[in-house]
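Asks: Build me a model:
(one chain, ligands or ions: 1)
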Amino acid sequence: MLATRDGSPFDCGRCGPKDRVQRNCANSLGLSDAAKAVFRYTEGVAEELKAKGAPKVFSLRGLRLYECPLSFITWETREIVRAVYLMEGGRMFFSGGWGDQSAWLVEAFEIFRAENAAFRKDIADGEKAG
Ligand SMILES: [Zn+2]
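Replies: Residues are numbered from 1 along each chain as shown. Presented below is the predicted three-dimensional model:
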């Protein structure tokens, strides 16, 4: 089954039929969680990717996806990212102040800030290195 949601641009229905195979949309290859998103290749993951003939679909800062990002990143994750962007602009997701926000949302915001700082540092270090 393809990942779809009404009106969402994050829909493998927009990946062409040939792309759906090449991009492993909705993990049709049946890769394990460890093989779908890889930071470090273990022997087992490397063997699994080779055995199933899985092509790398997307890479970003050391993360390699072997599944289409449109189906890999869940609707729930996208909703959290949206909430975090809203909060970064100074608005609260739930009514009230920081103390009124859910613990999971505050944690997501902290993770976003840490990842964002690491990303900016990578870019700055890259510019220094030339
Ligand atoms: Zn797709």
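Asks: Now the one helix or strand residue 83 maps to - C-alpha only, CSV.
Replies: Element membership of residue 83, judged by DSSP states H and E, is helix 75-88. Presented in CSV, the C-alpha positions along helix 75-88 are these (Å, rounded to 0.1, in the frame of the first residue of the first chain):
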residue,chain,number,x,y,z
TRP,A,75,2.5,11.8,8.5
GLU,A,76,2.9,12.1,12.3
THR,A,77,6.6,13.1,12.0
ARG,A,78,5.6,15.8,9.4
GLU,A,79,3.0,17.2,11.8
ILE,A,80,5.6,17.4,14.6
VAL,A,81,8.0,19.2,12.3
ARG,A,82,5.3,21.6,11.4
ALA,A,83,4.5,22.3,15.1
VAL,A,84,8.2,22.8,15.8
TYR,A,85,8.5,25.4,13.0
LEU,A,86,5.5,27.2,14.4
MET,A,87,7.1,27.3,17.9
GLU,A,88,10.5,28.4,16.5
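Asks: helices and strands around the helix or strand following that helix, which ones?
Replies: From helix 75-88 onward toward the C-terminus, using DSSP H and E, the following helix or strand is helix 103-129. When contacts are defined as 3 or more CB pairs under 8 Å, 6 or more residues apart in numbering; DSSP states H and E, helix 103-129 sits against helix 75-88. Placement of C-beta: from N, CA and C, glycine included.
Asks: got the buried residues for the helix it packs on?
Replies: Using 16 or more other CB atoms under 10 Å as the burial criterion, the residues of helix 75-88 that qualify are 80, 83, 84, 87.
Asks: what's near enough to touch the second one?
Replies: Yep, that's residue 83 we're talking about. Residue 83 sits next to 93, 105, 108 when contact means CB atoms under 8 Å, 6 or more residues apart in numbering.
Asks: Swap in 7 Å and give it another go.
Replies: 93, 105 (CB atoms under 7 Å, 6 or more residues apart in numbering).
Asks: Could you do the last one as well?
Replies: Under the criterion of CB under 7 Å, 6+ apart, the contact partners of residue 87 comprise 93, 109.
Asks: neighbours around residue 68, how many?
Replies: 24 (other CB atoms under 10 Å).
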